[in-house]
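In: below are the sequence and a predicted model for it; my questions follow.
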Amino acid sequence: MSPADVITAARVELAIGGMTCASCAARVERKLNKVDGVTATVNYATEKAQVSYPSGLSFEDLKAVVEAAGYSARLPEPEAPDDTRELRKRLLVSAALTVPLVVVAMVPAWQFTAWPWVSSALAAPVVSWGAWPFHRAAAVNLRHATATMDTLISLGVVASVAWSLYALVFGTAGHHELYFEVAAAVTTFILAGRYFETRAKRRAGAALRALMDLGAKDVTVLRDGEEHLVPIKDLQVGAVFVARPGEKIATDGVVTDGGSAVDTSMLTGESVPVEVGPGDAVTGATVNVGGRLLVRATRVGADTRLAQMARLVEAAQNGKAEVQRLADRVSAVFVPAVVFAALATLVVWLATGGTADAAFTAAVAVLIIACPCALGLATPTALLVGTGRGAQLGILIKGPEVLESTRRVDTVVLDKTGTVTTGRMVLVDGDGEVLRLAGAVEAASEHPIGRAIADAARERFGALPAVTDFRSTPGVGVTGLVEGRTVSVGRAPGGDVTTVGASWDGRLRGTLTVADTIKPTSARAVAELRQLGLEPILLTGDSAGVARAIAAEAGIDRVVAEVLPEGKVDVVKRLQAQGRVVAMVGDGVNDAAALAQADLGLAMGTGADAAIEAGDLTLVRGDLRAAADAIRLARRTLATIKGNLFWAFAYNVAALPLAALGLLDPMIAGAAMACSSVFVVSNSLRLRRFR
């Protein structure tokens with residue numbers, strides 16, 4: 001195959017059926033990656049594969065590869081099927097038969113003459129029908145000359161039943177040498193573990209499903225003055241639609257008429273509604289809680305902010321952190337190693353004079369106690385819950401490798417405009433006739449300083465006088481005829497760029513000061529970043545005086561001012577050369593390169609698309625406190641992953657020797673194995689309570 005042939009032509013997501021443990025996921029991944037030009041990542045927790053493939057292949061080709069490995073592949077369905085019903089039925093029936101079997105087996109006084117035959121009858125449905133998913137998977141594995149967790153379970157159950165039947169039929173064993181209750185109990189415990197594991201995995205992915213379900217299903221479109229209700233899929237860019245009080249805003253757009261408050265909490269985590277009016281942008285899936293709005297659609301379908309968020313979250317959930325790759329390598333060789341260990345245990349016991357009963361018990365315990373499932377679930381379940389919770393709070397984590405970066409970061413570089421400050425000029429000093437006349441002239445100007453003065457004048461005086469003979473001179477100011485006076489507004493002598501003077505009749509009449517004000521939450525956010533062990537640095541292209549004033553108000557000690565956009569990258573590189581691990585927070589196009597250069601880029605979701613693309617974390621709400629929340633959540637998720645992996649490894653390291661030494665009953669081994677997977681998933685679910 002030539003290099004041109006292996007260029008990725010498409011990406012596809014596959015739902016993989018039949019996987020029961022991490023070894024299954026590893027096998028499907030290996031099979032797909034063996035195909036020329038294919039790059040695949042298989043996630044056991046989400047039961048999905050992300051596959052990039054060349055132009056010479058099709059979905060059917062990929063499906064055939066997966067099926068050849070013994071599994072099924074299909075395109076994901078919008079509504080995931082409930083795969084717990086069959087498990088629940090098998091569990092309930094198996095438990096109903098196993099409980100009396102185990103209770104009587106534990107109390108010798110209750111065992112009557114025909115008890116061995118009754119116990120075999122009670123166990124038969126459990127070890128056949130109840131354990132059928134394990135036997136079926138083991139048979140598929142055998143046909144493909146591989147082994148998974150199901151192979152171990154099936155071997156243990158079949159061996160226990162076969163030994164017991166042999167002893168019962170040929171009369172070579174007493175009641176204590178029969179293992180019907182062990183085989184039934186192991187099956188029931190593992191069915192219970194798998195059932196609760198499956199339910200927990202569905203809960204772990206609930207945040208993403210909820211995010212995808214946020215969007216409106218129908219929309220009222222305005223055509224020729226008449227309202228028409230249409231499905232959301234028929235909405236086109238440029239169409240004007242209606243958002244009534246209490247309704248979801250159908251898609252991203254710009255308000256063309258009306259005023260209201262919009263509840264953005266579902267997307268940003270921000271509880272305070274945002275006031276909007278004509279010209280303001282609104283986001284699909286947010287809720288109109290005030291008046292009637294007319295909105296012109298600017299993005300629809302897969303281009304909306306909601307769809308982009310869902311894609312980012314799902315991509316992060318399907319990725320693999322570096323810490324998980326070790327677990328994957330272990331899981332791939334773990335099952336064959338356990339089978340070998342069980343055989344070795346049997347041989348060693350017999351060779352050292354142990355009884356056949358003791359040797360068999362130890363070997364079966366080794367088979368049953370081994371659990372690569374916990375290893376395989378350690379990372380993806382924590383990622384599922386962590387990224388899902390982040391999405392609910394307006395924090396999007398682009399990939400699991402981001403988690404590693406957050407642990408090492410010690411410096412955070414903060415862009416000033418739009419990040420620490422509001423990014424909007426407002427009048428902070430000036431009033432009276434100077435403000436009224438200057439505001440009248442500036443009302444005809446498009447300059448941000450001029451708009452700030454005009455807005456303040458309207459707010460103070462209402463309607464402003466008419467202006468004629470308006471002239472604007474770039475770099476100097478504006479002039480106009482107001483109420484018979486020629487009023488000039490421009491930079492005040494000796495003032496900085498945000499102080500302007502108003503003159504008429506040949507004399508300076510007063511000054512007005514305009515500034516970009518700090519966000520109300522920025523000082524608190526800086527304090528929270530310091531508590532995380534990060535040194536904040538303010539980075540801006542503004543003058544040193546303006547920058548220092550903002551920094552002092554925000555509680556930032558170190559300032560780098562008068563930096564050109566291309567110079568921001570150099571600042572980040574210089575800090576990295578000093579041994580710093582740098583996080584960059586920004587929102588503008590001019591921040592994109594610095595965000596990409598930083599060890600960790602945090603893009604404000606209220607900013608430019610280029611900045612959001614370059615960042616590793618996206619903060620959907622324009623509140624700097626979200627940066628501290630994002631780093632805390634990422635660190636907590638990474639700590640959960642590492643905790644999961646530690647306990648999964650520790651469980652196997654401790655349990656296998658105990659089983660081999662005959663110190664672990666197979667029934668207890670089965671319960672412990674099931675509990676280990678449930679523990680890992682339950683530990684991950686604690687991230688749902690992150691605040």
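Out: Received the coordinates, thanks.
In: ok, residue 618 to residue 595 distance?
Out: Here residue 618 is placed at a distance of 10 Å from residue 595 (Cβ to Cβ, to the nearest Å). In short, each C-beta sits where N, CA and C put it, glycine included.
In: and what of residue 563?
Out: Distance, residue 563 to residue 595, using Cβ to Cβ: 15 Å.
In: so between those two, which is more surrounded?
Out: Neighbour count, other Cβ atoms under 10 Å: between residue 563 and residue 595, residue 595 has more, with 31 against 19.
In: can I assume the more buried one sits in a strand?
Out: No - assigned with DSSP: H, G, I helix; E, B strand; the rest coil, residue 595 falls outside any strand and is helix.
In: can you show me the helices along the stretch 151-300 of the chain?
Out: Ranges of helices within the stretch 151-300 of the chain are 180-204, 206-212, 265-268, based on DSSP state H, counting those that start in this stretch.
In: so where do the helices sit in the stretch 551-691 of the chain?
Out: Counting by DSSP H, counting those that start in this stretch, the helices of the stretch 551-691 of the chain are 567-577, 592-597, 609-614, 625-660, 666-685.
In: what's around residue 519, how many residues?
Out: Residues lying near residue 519 (other Cβ under 10 Å) number 19.
In: that one contacts residue 422, correct?
Out: Yes - here residue 519 lies in contact with residue 422, judged by Cβ atoms under 8 Å, at a distance of 5.7 Å.
In: now the helices of the stretch 551-691 of the chain as CSV including mean pLDDT and distance to residue 441?
Out: Formatted as CSV, the helices of the stretch 551-691 of the chain follow (pLDDT from 0 to 100; distance: least, Cβ to Cβ, whole Å):
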stretch, mean pLDDT, distance to residue 441
helix 567-577, 87, 35
helix 592-597, 77, 37
helix 609-614, 57, 35
helix 625-660, 85, 39
helix 666-685, 75, 61
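In: which one, of those helices, ends up nearest to residue 243?
Out: helix 609-614 (23.5 Å; Cβ to Cβ).
In: low-confidence stretches in the stretch 151-300 of the chain?
Out: 171-177, 197, 200-214, 265-272 (pLDDT under 70).
In: rerun that using 50 as the cut-off
Out: For the stretch 151-300 of the chain, the stretches with pLDDT under 50 are 173-175, 269, 271.
In: which residues are in contact with each of residue 618 and residue 595?
Out: Residues touching both residue 618 and residue 595 (Cβ atoms under 8 Å, 6 or more residues apart in numbering): 602-603.
In: what residues sit buried inside stretch 133-143?
Out: Buried residues in stretch 133-143, counted by 16 or more other Cβ atoms under 10 Å: 133-135, 137-138, 140-141.
In: can you lay out those as CSV showing pLDDT?
Out: CSV is the format used below for the buried residues of stretch 133-143 (pLDDT from 0 to 100):
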residue, pLDDT
133, 88
134, 87
135, 91
137, 84
138, 85
140, 83
141, 77
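In: any idea how many residues pack against the closest residue to residue 632 other than its chain neighbours?
Out: Of all residues not flanking residue 632 in the chain, residue 532 sits nearest, at 6.7 Å (Cβ to Cβ, 6 or more residues apart in numbering). Residue 532 has 16 neighbours, counted by other Cβ under 10 Å.
In: now do the phi/psi pair for residue 532.
Out: In terms of degrees, to the nearest 10, the main-chain angles of residue 532 are phi -80, psi 0.
In: look up the pLDDT of it for me, please.
Out: As predicted, residue 532 sits at a pLDDT of 91.
In: contact partners for it?
Out: By Cβ under 8 Å, 6+ apart, the contact set of residue 532 is 628, 631-632.
In: in these, which residue is surrounded by the most others?
Out: Busiest of these [other Cβ under 10 Å] is residue 631, holding 25 neighbours.
In: give me the distance between that residue and residue 192.
Out: Remark: distance between residue 631 and residue 192 (Cβ to Cβ) = 38 Å.
In: also residue 604?
Out: On the measure of Cβ to Cβ, residue 604 and residue 192 end up 46 Å apart.
In: higher neighbour count, those two?
Out: The residue with more neighbours, out of residue 604 and residue 192, is residue 604; 27 against 19, by other Cβ under 10 Å.
In: which residues touch that one?
Out: Neighbouring residues of residue 604 by Cβ under 8 Å, 6+ apart: 418-419, 585-587, 611, 619, 622.
In: where's the dip in pLDDT among these?
Out: residue 611 (53).
In: in contact with the closest residue to residue 242 other than its chain neighbours: list those residues for me.
Out: Using Cβ to Cβ, 6+ apart and skipping the chain neighbours, the partner closest in space to residue 242 is residue 220 (4.3 Å). Under the criterion of Cβ under 8 Å, 6+ apart, the neighbours of residue 220 are 227-229, 241-242, 244.
In: farthest pair within those residues?
Out: Across the contacts of residue 220, no pair lies farther apart than 228 and 244, at 14.4 Å, counting by Cβ to Cβ.
In: how about residue 291, what does it touch?
Out: Applying Cβ under 8 Å, 6+ apart, we find residue 291 in contact with 245, 258-260.
In: next, give phi and psi for it.
Out: The phi and psi torsions at residue 291 (degrees, to the nearest 10) take the values phi -90, psi -180.
In: gap between it and residue 275?
Out: Using Cβ to Cβ, we find residue 291 at a distance of 11 Å from residue 275.
In: who touches both of these two?
Out: Residues touching both residue 291 and residue 275 by Cβ under 8 Å, 6+ apart: 259-260.
In: which elements pack onto the lengthiest strand in the chain?
Out: Ranked by residue count and defined by DSSP state E, the top strand of the chain is strand 507-518. Counting contacts by 3 or more Cβ pairs under 8 Å, 6 or more residues apart in numbering; DSSP states H and E, strand 507-518 is packed against strand 421-429, helix 432-442, helix 448-461, strand 499-504, helix 544-554.
In: can you redo those as TSV with mean neighbour count and mean pLDDT?
Out: Output for those, formatted as TSV (neighbours: other Cβ atoms under 10 Å; pLDDT from 0 to 100):
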stretch	mean neighbour count	mean pLDDT
strand 421-429	17	77
helix 432-442	23	87
helix 448-461	19	85
strand 499-504	22	85
helix 544-554	17	83
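In: so which of the ones you listed comes closest to residue 538?
Out: Among the helices and strands packed on strand 507-518, helix 544-554 comes nearest to residue 538, with 4.6 Å by Cβ to Cβ.
In: now the angle from that closest one to strand 507-518?
Out: 50 degrees (axes from the mean of the first three to the mean of the last three Cα atoms, to 10 degrees).
In: what does helix 544-554 rub up against?
Out: Under the contact criterion Cβ under 8 Å, 6+ apart, helix 544-554 has outside partners 416, 420-421, 496, 498, 515-516, 518, 522-523, 526, 536, 538, 540, 542, 557-559, 561-562.
In: rerun at 10 Å
Out: 414, 416-417, 420-421, 496-498, 515-519, 522-527, 536-543, 556-563, 624 (Cβ atoms under 10 Å, 6 or more residues apart in numbering).
In: now a PyMOL select for only the buried ones of these.
Out: Selection of buried members from these for PyMOL, criterion 16+ other Cβ under 10 Å:
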select buried, resi 414+416+417+420+421+498+515+516+517+518+519+522+523+524+525+526+536+537+538+539+540+541+542+556+559+560+561+563+624
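In: show only the entries of the contacts of helix 544-554 found in strands.
Out: Using DSSP E, the members of the contacts of helix 544-554 that fall in strands are 414, 421, 515-518, 536-539, 558-560.
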